[in-house]
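*Asks:* below are the sequence and a predicted model for it; my questions follow.
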Amino acid sequence: MTMDDPRTTLIDLAAAGGTSLAALSRMLGRNPAYIQQYVHRRSPRTLEEADIAALARFFGVDPVRLGAVAAPSWWRVKRLDIAVSAGPGALIDAEVVTGTDLLDPGLARRLGLQPDRAAIVRVRGDSMEPGLREGDHILVDTADRHPGPRGGIFVVRIDGTVMVKRVALHAGVPRARSDNPLAPPLPDAPVELIGRVVWQMRAPV
């Protein structure tokens, strides 16, 4: 393998992040030996596009480094410096863009997203467990602020505090709640919807 070989890159990224190849395989929904066979035995010879996309998002690198061909088509999505609280919340004075992450355009189309209305933020706290955990990164559609009849998970602002909560309409008024029954009660204040959570990214364990 050469220094610019996608296999070498994948090995180096996994080592730098302290992530095993078996964990990466499980993250992709594959058998634990999948990535090891790819990098050491060249079987498969190339990874599938969806696998490259997932690995590139996880490591925050250009998919071309992992063997993708059509790099120009990948979208850059803004990353916000807010750590969205899934606990009692954290007061946010401003939402500042600190950089961008790459997003597979195929995934974006399936989610109905446009790059100018998407943002990635990090979850903090445990009040939305088991669905969302501390450290998860979530993809938010900032143009979707309508819970609809079935509701959904949204980034919200309640009494000046930014949180991620499950929201549904009650008599036409949005009401937020936590998924974890042990979570503390929410402030009794209007719920401002910032955007719907449409995807989550989690490190393998």
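*Replies:* Looks like it arrived, so ask away. Numbers count the residues shown, from 1 in each chain.
*Asks:* okay, and residue 153 sits in which element?
*Replies:* Applying DSSP states H and E as the criterion places residue 153 in strand 152-158.
*Asks:* in that strand, what counts as buried?
*Replies:* Judged by neighbour count using 16 or more other Cβ atoms under 10 Å, the buried positions of strand 152-158 are 153, 154, 155, 156, 157, 158. Bear in mind the C-beta positions are built from the backbone N, C-alpha and C, glycine included.
*Asks:* what segments of this structure are helices?
*Replies:* With DSSP state H applied, the chain shows helices at 6-17, 21-27, 34-41, 49-59, 105-111, listed in chain order.
*Asks:* show me how far the fourth one is from its chain's centre.
*Replies:* What that stands for is helix 49-59. 12 Å (Cα atoms, centre = their mean, to the nearest Å).
*Asks:* if we can go back for a sec, give me the helices and strands touching the strand holding residue 153, please.
*Replies:* Judged by 3 or more Cβ pairs under 8 Å, 6 or more residues apart in numbering; DSSP states H and E, the packing partners of strand 152-158 are strand 161-170, strand 173-177, strand 191-201.
*Asks:* give me the angle between it and strand 161-170.
*Replies:* Following axes from the mean of the first three to the mean of the last three Cα atoms, to 10 degrees, one obtains 120 degrees for the angle between strand 152-158 and strand 161-170.
*Asks:* what's the angle between strand 152-158 and strand 191-201?
*Replies:* Strand 152-158 runs at 130 degrees relative to strand 191-201, counting by the same axes, to 10 degrees.
*Asks:* what residues does strand 152-158 touch?
*Replies:* Identification of contacts with strand 152-158 by Cβ atoms under 8 Å, 6 or more residues apart in numbering yields 84, 89, 92, 121, 128, 131-132, 138, 140, 145, 147, 162-167, 174, 176, 186-187, 189-197.
*Asks:* in space, what's closest to residue 7 - neighbours in sequence excluded?
*Replies:* residue 39 (4.2 Å; Cβ to Cβ, 6 or more residues apart in numbering).
*Asks:* need the mean per-residue confidence for stretch 149-164.
*Replies:* Here stretch 149-164 scores 88 as its mean pLDDT.
*Asks:* just checking, the residue nearest to residue 7 touches residue 13?
*Replies:* No. At 11.2 Å, residue 39 does not count as touching residue 13 under the criterion of Cβ atoms under 8 Å.
*Asks:* quick one, which of the helices of the chain gets closest to residue 78.
*Replies:* helix 105-111 (13.4 Å; Cβ to Cβ).
*Asks:* would you mind writing the CA trace of that closest one as CSV?
*Replies:* Extracted C-alpha coordinates of helix 105-111, given in CSV (Å, rounded to 0.1, in the frame of the first residue of the first chain):
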residue,chain,number,x,y,z
PRO,A,105,-25.6,14.3,-1.6
GLY,A,106,-27.5,11.0,-2.1
LEU,A,107,-28.3,10.9,1.6
ALA,A,108,-29.2,14.6,1.5
ARG,A,109,-31.7,14.0,-1.3
ARG,A,110,-33.3,11.1,0.6
LEU,A,111,-33.7,13.4,3.6
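*Asks:* show me the protein divided up by domain.
*Replies:* 6-71, 75-201 (automatic domain parsing).
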